[in-house]
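In: My questions concern the predicted model and sequence given below.
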Amino acid sequence: MDSRQIGLIQDSWAQVTPLGVRFTRHFYDQLLSDNPELHALFPESMADQEQLLFRMINSAVSGMPSRQMFEGMMNRLGNRHQEYGVNHEHFRVFGEALIATLANSLGERWNPDLEAAWRDIYGSMAQMMQSNMDESQSQ
């Protein structure tokens, strides 16, 4: 992830943050309508989950310039998601719902460069989290 992509992501996230949990509510609506089998991974009331996801994305985007901080955060998230029963396939569908929600939220501001930057960063996040999950399982 280069500094230009980091700038694109941080600028676009700054445009999304005024939506607050409406963004994450829309994300979960998208994710769970496309993948109803995932309902079992989440609590009945999603209010806390929506807040948690919003704060996590905000922290990840803020921490991107510090590779060490970013990797540490992803390792901790990998551990937690393994405890929740998340598997590798879940990362793919989560990523697709995230991209769709970002595109919808940003509207005309969404473009191929922005999509590529978000896909790259999400791919890095998912890879780090999955690697940590795999490492934990092999111990």
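Out: Cool, the structure landed.

In: Which single helix of this structure contains the most residues?
Out: Ranked by residue count under DSSP state H, the longest helix found in the chain is helix 112-138.

In: Could I get the average pLDDT for it?
Out: Averaging pLDDT along helix 112-138 gives 86.

In: In that helix, which residues have enough neighbours to count as buried?
Out: 114-115, 117-118, 121-122, 125-126, 128-130, 132-133 (16 or more other C-beta atoms under 10 Å). C-beta here means a position set from N, CA and C on the backbone, and glycine is covered the same way.

In: cool, and stretch 1-13?
Out: Buried, per 16+ other C-beta under 10 Å, within stretch 1-13: 5-6, 8-9, 12-13.

In: any idea how far that stretch is from the chain center?
Out: Offset of stretch 1-13 from its chain centre (C-alpha atoms, centre = their mean, to the nearest Å): 15 Å.

In: Can you tell me what sits against it?
Out: If you take C-beta atoms under 8 Å, 6 or more residues apart in numbering as the criterion, stretch 1-13 is touched by 57-58, 61-62, 64-65, 102, 106, 109, 113-114, 116-118, 120-121, 124.

In: Where does pLDDT dip in the chain?
Out: The model of the chain has pLDDT under 70 over residues 136-139.

In: Pretty sure residue 105 sits against residue 16.
Out: Yes: counting by C-beta atoms under 8 Å, residue 105 touches residue 16, with 5.3 Å between them.
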